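Asks: pasting the structure only:
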């Protein structure tokens with residue numbers, strides 16, 4: 001395993017890695033008390049990734065999704081530090097804990113987590129809403145329309161999730177994640193729910209989209225095809241620990257190529 005030191009939370013984005021994670025948590029089953037004998041899971045993850053395309057892989061139950069949730073602010077570690085593009089999002093020592101909504105990361109859930117009672121357009125707009133009310137069906141937000149067009153689902157704006165194919169649901173969830181103009185993208189098993197033929201086509205689409213946007217991303221998977229396609233830097237997790245860390249490309253060269 002390549003061992004890379006996680007830097008302190010710094011102001012300089014250029015000097016910082018894309019993703020710096022150093023967390024330690026003991027997770028217990030729901031309802032279990034600290035003194036119960038119920039099995040618990042130890043998550044001790046440490047890596048510093050410089051590439052803009054990072055794949056976190058490993059078997060089911062390894063801690064991959066938990067790590068992604070911690071970066072997104074959906075899971076609060078007991079100890080450690082998390083920084084994305086040099087911005088400190090969590091640090092137990094100093095009490096920093098940026099709310100999930102303010103972390104400026106787009107999150108794609110494994111099951112897409114679309115609201116069944118909202119249309120495609122409303123689902124995409126939901127992350128932009130500042131009130132407790134659902135987005136109006138008649139409103140046309142330019143930020144929403146941009147991604148509906150870019151991802152080829154503008155004609156589906158008035159449909160509901162149950163009326164969509166698997167690929168259309170994925171594009172809707174991706175549009176929702178991108179509509180808030182995130183600084184980084186987190187994807188949890190984005191192709192797992194798709195049939196093999198569609199999976200290959202949507203890999204091509206995500207590959208092209210990420211290269212066009214030059215948006216740093218972490219993709220969680222247990223599929224070697226995802227590792228081969230997106231793994232400029234690969235973090236292998238098993239049993240809640242990093243077992244392998246491999247940088248497959250020169251991150252600086254890759255950034256220059258994408259910016260050209």
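Replies: Yep, that arrived. As the structure is a prediction and not an experimental result, all values here were calculated from the model.
Asks: contacts and neighbour counts: CA atoms only from here.
Replies: Noted.
Asks: Does residue 175 touch residue 123 like I think?
Replies: No. Applying CA atoms under 8 Å as the test, residue 175 and residue 123 come out as separate, 9.0 Å apart.
Asks: Comparing the two, which shows the higher neighbour count?
Replies: residue 175 (28 against 25; other CA atoms under 10 Å).
Asks: In contact with that one, which residues?
Replies: Going by CA atoms under 8 Å, 6 or more residues apart in numbering, residue 175 touches 124, 144, 147-148, 151.
Asks: Turn the residues you listed into CSV, including secondary structure and neighbour count.
Replies: Putting the contacts of residue 175 into CSV (DSSP: H, G, I helix; E, B strand; the rest coil; neighbours: other CA atoms under 10 Å) gives the following:
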residue, secondary structure, neighbour count
124, helix, 30
144, helix, 26
147, helix, 21
148, helix, 24
151, coil, 16
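Asks: quick one: which two of those residues are the most distant?
Replies: Farthest apart among the contacts of residue 175 by CA to CA are 124 and 151. That separation is 11.8 Å.
Asks: how many other residues sit next to the closest residue to residue 21 other than its chain neighbours?
Replies: What sits nearest to residue 21 in space, not counting adjacent residues and going by CA to CA, 6 or more residues apart in numbering, is residue 82, at 4.7 Å. Using other CA under 10 Å, residue 82 has 30 neighbouring residues.
Asks: which residues are in contact with the helix or strand harbouring residue 82?
Replies: Element membership for residue 82 (DSSP states H and E) is strand 79-84. Applying CA under 8 Å, 6+ apart, the contact partners of strand 79-84 are 9, 17-25, 71, 88-93, 184.
Asks: how far out from the middle of the chain is that strand?
Replies: How far strand 79-84 lies from its chain's middle: 15 Å, per CA atoms, centre = their mean, to the nearest Å.
Asks: Partner strands of it, with direction?
Replies: Sheet pairing for strand 79-84, assigned by DSSP bridges, gives strand 19-27 (antiparallel), strand 87-91 (antiparallel).
Asks: mind checking which of these is nearest residue 61?
Replies: Nearest to residue 61, of the strands paired with strand 79-84 and by CA to CA, is strand 19-27 at 12.5 Å.
Asks: Check which residues of that closest one are buried.
Replies: Within strand 19-27, the residues scored as buried using 16 or more other CA atoms under 10 Å are 19-25, 27.
Asks: again with stretch 197-216
Replies: Neighbour counts using 16+ other CA under 10 Å place 199, 202-203, 206, 210-211, 214, 216 of stretch 197-216 among the buried residues.
Asks: Low-confidence bits of the stretch 101-250 of the chain, can you list those?
Replies: Within the stretch 101-250 of the chain, the ranges that satisfy pLDDT under 70 run 129-138, 250.
Asks: Other residues contacting stretch 111-126?
Replies: 134-137, 141, 144, 148, 156-162, 169-170, 172-173, 175-177, 179, 193.
Asks: cutoff 6 Å now
Replies: Contacts with stretch 111-126, where a contact means CA atoms under 6 Å, 6 or more residues apart in numbering, come from 135, 144, 157-161, 173, 176.
Asks: can I get those residues in a markdown table with secondary structure?
Replies: What follows is the contacts of stretch 111-126, written out as a markdown table (DSSP: H, G, I helix; E, B strand; the rest coil):
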| residue | secondary structure |
| --- | --- |
| 135 | coil |
| 144 | helix |
| 157 | coil |
| 158 | coil |
| 159 | coil |
| 160 | coil |
| 161 | helix |
| 173 | helix |
| 176 | helix |
